[in-house]
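**Q** no FASTA, just this:
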């Protein structure tokens with residue numbers, strides 16, 4: 001049993017929004033609920049988020065999609081490789097919150113308590 005943290009991180013590496021799911025849940029179904037209501041200039045994500053629904057939403061919202069296409073796509077689209085390098089902000093955010101042992105090992109049995117500690121950890125990182 002595991003828990004997956006789906007997160008949206010802003011341009012400076014601070015947590016904007018997050019959602020918890022079971023460890024077996026996919027990444028792309030959780031992207032649209034996290035992005036609703038946000039108006040960023042661009043969204044950088046890995047290949048797991050290369051779905052037609054996400055790309056259509058980003059295009060309709062006039063948001064640049066910096067998502068590399070999966071290799072099995074019939075039509076390979078272009079993306080800004082220079083802006084894609086900023087995706088490591090998300091990875092660095094997860095590395096920072098996993099320095100807290102309570103997050104890395106998930107001691108909390110209840111999702112509400114674990115979620116609260118993730119939010120607390122993000123605020124401590126933001127203050128530091």
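**A** Perfect, thanks for sending it. Keep in mind the model is a prediction, meaning the values are calculated, not measured. Residues are numbered from 1 along each chain as shown.

**Q** ok, which stretches of the protein are strands?
**A** For the chain, strands defined by DSSP state E occupy the ranges 3-9, 15-22, 42-44, 64-66.

**Q** With mean neighbour count and distance to residue 106 added, can I get those in CSV?
**A** In this view, the C-beta of every residue, glycine as well, is placed from N, C-alpha and C. Written out in CSV, the entries for these read as follows (neighbours: other Cβ atoms under 10 Å; distance: least, Cβ to Cβ, whole Å):
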stretch, mean neighbour count, distance to residue 106
strand 3-9, 18, 6
strand 15-22, 16, 10
strand 42-44, 20, 27
strand 64-66, 18, 31
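
**Q** Turn those strands into JSON lines, including distance to residue 92 and mean pLDDT.
**A** JSON lines is the format used below for the strands of the chain (distance: least, Cβ to Cβ, whole Å; pLDDT from 0 to 100):
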{"stretch": "strand 3-9", "distance to residue 92": "9", "mean pLDDT": "93"}
{"stretch": "strand 15-22", "distance to residue 92": "12", "mean pLDDT": "94"}
{"stretch": "strand 42-44", "distance to residue 92": "13", "mean pLDDT": "92"}
{"stretch": "strand 64-66", "distance to residue 92": "17", "mean pLDDT": "93"}
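
**Q** and residue 119, which of the ones you listed is closest to it?
**A** In this view, these are compared for proximity to residue 119 by Cβ to Cβ, and strand 15-22 is the closest at 7.7 Å.

**Q** Redo the strands of the chain as JSON lines? Include distance to residue 82.
**A** Compiled in JSON lines, these are given as follows (distance: least, Cβ to Cβ, whole Å):
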{"stretch": "strand 3-9", "distance to residue 82": "18"}
{"stretch": "strand 15-22", "distance to residue 82": "22"}
{"stretch": "strand 42-44", "distance to residue 82": "11"}
{"stretch": "strand 64-66", "distance to residue 82": "9"}
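
**Q** Please identify which of those is closest to residue 85.
**A** Among the strands of the chain, strand 42-44 comes nearest to residue 85, with 8.4 Å by Cβ to Cβ.
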